[in-house]
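Chemist: Provided below are the primary sequence and the corresponding predicted coordinates.
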Amino acid sequence: MPAVRMLQHVVGQLLLGPGCGCRTSALPARSLGASPWQIPANANFHSASFSETDQPRVLITGGLGQLGVGLANFLRKRFGKDNVILSDIRKPPDHIFQSGPCIYSDILDYKNLREIVVNNGITWLFHYSALLSAVGEANVSLAKAVNITGLHNVLDVAVEHGLRLFVPSTIGAFGPTSPQDPTPDLCVQRPRTIYGVSKVHAELMGEYYHYRYGLDFRCLRYPGIISADSQPGGGTTDYAVQIFHDAVKNGKFECNLKPSTRLPMMYIDDCLRATLEVMEAPAESLSMRTYNINAMSFTPEELAQEVHKHIPEFQITYNVDSARQAIADGWPVSLDDSNARKDWKWKHDFDLPELVTTMLNFHGSDTRIAQAN
Ligand SMILES: NC(=O)c1ccc[n+]([C@@H]2O[C@H](COP(=O)([O-])OP(=O)(O)OC[C@H]3O[C@@H](n4cnc5c(N)ncnc54)[C@H](O)[C@@H]3O)[C@@H](O)[C@H]2O)c1
Ligand SMILES: C[C@@H](O)[C@H](N)C(=O)O
């Protein structure tokens with residue numbers, strides 16, 4: 001065979017694999033272009049020095065938002081402080097910088113991402129960078145870049161280096177034509193936000209890379225997450241976090257959704273535990289790669305009533321934000337998470353009363369609760 005044809009043949013084999021182009025085929029073309037001597041993904045030599053019994057070496061992208069610091073603290077308790085690296089484009093406050101490894105990483109910089117993975121021997125990646133639903137609508141081109149181009153970078157780095165990859169999806173990956181109560185794992189997904197569209201894209205791309213290149217991709221559709229010690233980053237469910245701050249500080253809260261807007265919600269401890277559980281689940285127990293997880297569903301009115309039990313003088317008023325309301329109206333009322341409960345024994349701990357008690361205790365309303373009783 002002439003030399004040029006021979007080279008074409010070898011490159012073709014690398015790109016398409018010897019057979020039909022299914023699971024044991026070669027790495028995606030961008031990896032090959034960036035690094036010409038790659039070998040098929042199933043050879044996995046990049047991670048050869050890590051055995052199954054080693055602790056994972058974890059990178060969290062977008063780690064300085066509402067969920068990332070809590071995830072880092074949770075994983076550090078399990079895997080050791082130095083085995084979990086937080087990264088973001090923001091500057092961390094001192095207490096976070098002191099609490100464990102924390103570095104700059106822009107997920108739009110593919111080379112930098114790859115350097116971090118290589119230099120730190122990363123084996124698990126939690127990809128939290130994103131623009132959420134409300135801020136995404138306010139800046140669609142940035143949301144497209146961060147949520148879609150950023151995901152592509154993460155997928156390629158993950159497959160190239162044999163990482164286990166977690167990408168959170170959301171109730172926002174469903175839309176007004178999805179069944180809403182409960183929404184099953186597999187159904188029509190036609191979201192009407194760039195956030196939702198990018199998350200459906202992430203689900204599909206992750207699953208595609210799993211079947212095409214053997215990537216160990218795992219994904220949960222989170223409900224709105226409620227946390228006490230971190231601020232939400234610009235979503236439609238943010239009201240359910242802000243209400244606790246305002247109730248304790250001012251005894252009143254102005255809600256930007258209608259009183260009857262029922263959405264799926266979850267306390268952060270359940271969310272982080274679910275995330276670790278699905279990452280640790282044996283691959284053979286996962287009948288799918290993207291799962292719904294559910295805990296509670298409530299309306300602003302019901303949440304306010306529960307807060308009122310602890311703070312009798314608490315008052316809620318409504319000043320509806322039409323953009324957020326339109327988003328919320330297209331989202332599920334509850335998620336059917338029976339597959340997660342069956343496959344890897346998912347079970348939530350927090351319902352509405354425990355959530356409210358925990359949040360108000362954190363914000364220091366003990367004296368008010370005592371007064372109320
Ligand atoms: N918080 C929720 O209620 C919720 C619900 C469902 C899914 N999720 C998903 O969980 C993940 C984390 O959510 P969150 O609430 O912590 O989000 P957040 O908005 O609070 O934080 C996102 C982080 O991404 C960072 N980021 C933005 N552009 C970046 C870039 N170019 N490179 C690196 N980092 C960048 C931001 O600085 C920010 O710290 C997201 O993917 C989100 O879609 C969150
Ligand atoms: C639901 C979730 O994805 C996020 N909290 C949002 O409202 O955008």
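Modeler: Structure received. Ligands and ions are numbered 1, 2, ... in the order given.
Chemist: which secondary structure element contains the closest residue to residue 81 other than its chain neighbours?
Modeler: Nearest residue to residue 81, sequence neighbours excluded (CB to CB, 6 or more residues apart in numbering): residue 100, at 4.5 Å. Every residue, glycine included, has its C-beta placed from N, CA and C. Secondary-structure assignment from DSSP states H and E places residue 100 in no helical or strand segment.
Chemist: pretty sure residue 100 sits against residue 71.
Modeler: No. Residue 100 is not in contact with residue 71 according to CB atoms under 8 Å; the separation is 11.8 Å.
Chemist: which one's more surrounded, these two?
Modeler: Set residue 100 next to residue 71 and count neighbours by other CB atoms under 10 Å: residue 71 wins out with 23 against 18.
Chemist: which helix or strand contains the more buried one?
Modeler: If you go by DSSP H and E, residue 71 is part of helix 68-79.
Chemist: got the buried residues for that helix?
Modeler: 68, 69, 70, 71, 72, 73, 74, 75, 76, 79 (16 or more other CB atoms under 10 Å).
Chemist: burial count for the closest residue to ligand 1 within the stretch 201-350 of the chain?
Modeler: When scored by CB to the nearest ligand atom, the stretch 201-350 of the chain has residue 233 as its residue closest to ligand 1, at 2.2 Å. Residue 233: 18 surrounding residues under other CB under 10 Å.
Chemist: tell me which element the closest residue to ligand 2 within the stretch 201-350 of the chain is part of?
Modeler: Using CB to the nearest ligand atom, the single residue of the stretch 201-350 of the chain nearest to ligand 2 is residue 235, 2.4 Å away. Residue 235 belongs to no helix or strand when assigned by DSSP H and E.
Chemist: and stretch 255-263, end to end?
Modeler: 14 Å (CA to CA, to the nearest Å).
Chemist: what about the strands in this structure?
Modeler: In the chain, the strands defined using DSSP state E lie at 58-61, 84-88, 102-104, 124-127, 164-170, 216-222, 224-226, 252-255, 263-267, 290-292, 296-298, 315-318.
Chemist: turn those strands into a markdown table, including mean pLDDT and distance to residue 360.
Modeler: Converted to a markdown table, the strands of the chain look like this (pLDDT from 0 to 100; distance: least, CB to CB, whole Å):
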| stretch | mean pLDDT | distance to residue 360 |
| --- | --- | --- |
| strand 58-61 | 98 | 29 |
| strand 84-88 | 98 | 28 |
| strand 102-104 | 98 | 30 |
| strand 124-127 | 99 | 29 |
| strand 164-170 | 99 | 26 |
| strand 216-222 | 99 | 23 |
| strand 224-226 | 98 | 12 |
| strand 252-255 | 98 | 13 |
| strand 263-267 | 98 | 13 |
| strand 290-292 | 99 | 28 |
| strand 296-298 | 98 | 15 |
| strand 315-318 | 98 | 15 |
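Chemist: a markdown table for those strands, including mean neighbour count and distance to ligand 1?
Modeler: Output for the strands of the chain, formatted as a markdown table (neighbours: other CB atoms under 10 Å; distance: least, CB to the nearest ligand atom, whole Å):
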| stretch | mean neighbour count | distance to ligand 1 |
| --- | --- | --- |
| strand 58-61 | 26 | 6 |
| strand 84-88 | 25 | 5 |
| strand 102-104 | 16 | 9 |
| strand 124-127 | 25 | 7 |
| strand 164-170 | 23 | 4 |
| strand 216-222 | 24 | 3 |
| strand 224-226 | 25 | 4 |
| strand 252-255 | 18 | 17 |
| strand 263-267 | 24 | 8 |
| strand 290-292 | 26 | 11 |
| strand 296-298 | 20 | 13 |
| strand 315-318 | 14 | 20 |
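Chemist: okay if I get those as JSON lines plus distance to ligand 2?
Modeler: Formatted as JSON lines, the strands of the chain follow (distance: least, CB to the nearest ligand atom, whole Å):
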{"stretch": "strand 58-61", "distance to ligand 2": "16"}
{"stretch": "strand 84-88", "distance to ligand 2": "18"}
{"stretch": "strand 102-104", "distance to ligand 2": "23"}
{"stretch": "strand 124-127", "distance to ligand 2": "14"}
{"stretch": "strand 164-170", "distance to ligand 2": "3"}
{"stretch": "strand 216-222", "distance to ligand 2": "6"}
{"stretch": "strand 224-226", "distance to ligand 2": "4"}
{"stretch": "strand 252-255", "distance to ligand 2": "14"}
{"stretch": "strand 263-267", "distance to ligand 2": "8"}
{"stretch": "strand 290-292", "distance to ligand 2": "13"}
{"stretch": "strand 296-298", "distance to ligand 2": "12"}
{"stretch": "strand 315-318", "distance to ligand 2": "18"}
